[in-house]
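**Student:** Below: sequence and its predicted model.
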Amino acid sequence: MRRTMKVNKTCFILLIALSLSMFVSITQGETLTLETLPKAKGVAWHAGTPSQLHVATDKGLYVSRDKGLSWNLSYPFRLPATMISETTDSTLYAFVAGKGLLRMRGSESMWTPVNNKFGAQVLTQLSVTADDPNRLVGLNQYGKIIVSSDGGENWYRLGSSKKPLTESGRQGQKLFTEHCQSCHGVDGVGETYTLEALTNKNYIMAPALDGSAHAWHHTDEALVKTILDGSQRTERMPAWKTKGLDEKDAENLVVYIKSLWDKRALECQGPKHMQCM
């Protein structure tokens, strides 16, 4: 089961990369028919404008105003849209790779950006609680449930209860914010998808350092070494020992990074990870 999930994750990322490699910014005036519409990932009526039917496709967000006979782009980029959903208060949400979470409220006809700091994850499903439109729950491509209590501006994993950081962890968090977050994302969620990252074969994305990627496949010693010595694969990961960080700093960073992992990742760290796949 886990092996199948790993293959599916890889295929999902490859599909996004393929769609982005075919990226073309086109005019919103181009009209498509149902037969020529790209493969749909989701569909929703917009109650705020009842005549509008919206669809998320492999190559963008489209809208029809004639019950599906003709379609035009509703967002001016042919980027893969992974989901679209309407809430009880007539708000539409959609997720577009490289652009993040978008929103269209009430009688609005334009998409408004909400959050593009999802790192290496994309939303595939989204729902909103009936009693509070700011409470959102989503499913990412890894099958993990993430939630937001502020209308989608900030997200955290369901069931994640961060324990208070030790002094070492607090020092590591400060270092992470100063030196690592710009590439590896807030809370280590990884680098956000961009057109360059997914179409340039020589571009290496900064991986997620939380439990969603492979940081936990490595021992503490290996992580410390990578921090201090950098990566030979990409100059984007420098040798931080040449930037003023010492071994204690690297150890503090590892303590903070491990605070982002779940119980399974902690128990399966290092060589033991092969037994947990």
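**Tutor:** Arrived safely. This one's a predicted model, so the numbers in the text were calculated from it and none came from an experiment.

**Student:** Which parts of this structure are strands?
**Tutor:** Defined through DSSP state E, the strands belonging to the chain, from first to last, are 32-33, 40-45, 53-57, 60-64, 70-73, 81-86, 91-96, 100-105, 112-115, 123-128, 136-140, 145-148, 156-157.

**Student:** Redo these as CSV? Include mean neighbour count.
**Tutor:** Placement of C-beta: from N, CA and C, glycine included. Supplementary listing: the strands of the chain in CSV, determined by neighbours: other Cβ atoms under 10 Å:
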stretch, mean neighbour count
strand 32-33, 14
strand 40-45, 16
strand 53-57, 23
strand 60-64, 24
strand 70-73, 18
strand 81-86, 23
strand 91-96, 26
strand 100-105, 21
strand 112-115, 14
strand 123-128, 19
strand 136-140, 21
strand 145-148, 17
strand 156-157, 16
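
**Student:** worst average pLDDT in the ones you listed?
**Tutor:** Lowest mean pLDDT within those: strand 156-157, at a mean of 84.

**Student:** Val147 contacts Asn140, doesn't it?
**Tutor:** No - judged on Cβ atoms under 8 Å, Val147 makes no contact with Asn140 at a distance of 11.4 Å.

**Student:** what's the domain layout of the chain?
**Tutor:** According to automatic domain parsing, the chain is divided into the following domains: 2-157, 167-276.

**Student:** hey, least reliable of those by pLDDT?
**Tutor:** Lowest mean pLDDT within the domains of the chain: domain 2-157, at a mean of 84.

**Student:** Reformat the strands of the chain as JSON lines; add distance to Thr194.
**Tutor:** Putting those into JSON lines (distance: least, Cβ to Cβ, whole Å) gives the following:
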{"stretch": "strand 32-33", "distance to Thr194": "26"}
{"stretch": "strand 40-45", "distance to Thr194": "20"}
{"stretch": "strand 53-57", "distance to Thr194": "19"}
{"stretch": "strand 60-64", "distance to Thr194": "16"}
{"stretch": "strand 70-73", "distance to Thr194": "20"}
{"stretch": "strand 81-86", "distance to Thr194": "15"}
{"stretch": "strand 91-96", "distance to Thr194": "12"}
{"stretch": "strand 100-105", "distance to Thr194": "11"}
{"stretch": "strand 112-115", "distance to Thr194": "15"}
{"stretch": "strand 123-128", "distance to Thr194": "17"}
{"stretch": "strand 136-140", "distance to Thr194": "18"}
{"stretch": "strand 145-148", "distance to Thr194": "21"}
{"stretch": "strand 156-157", "distance to Thr194": "23"}
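
**Student:** Alright, that wraps it up for me.
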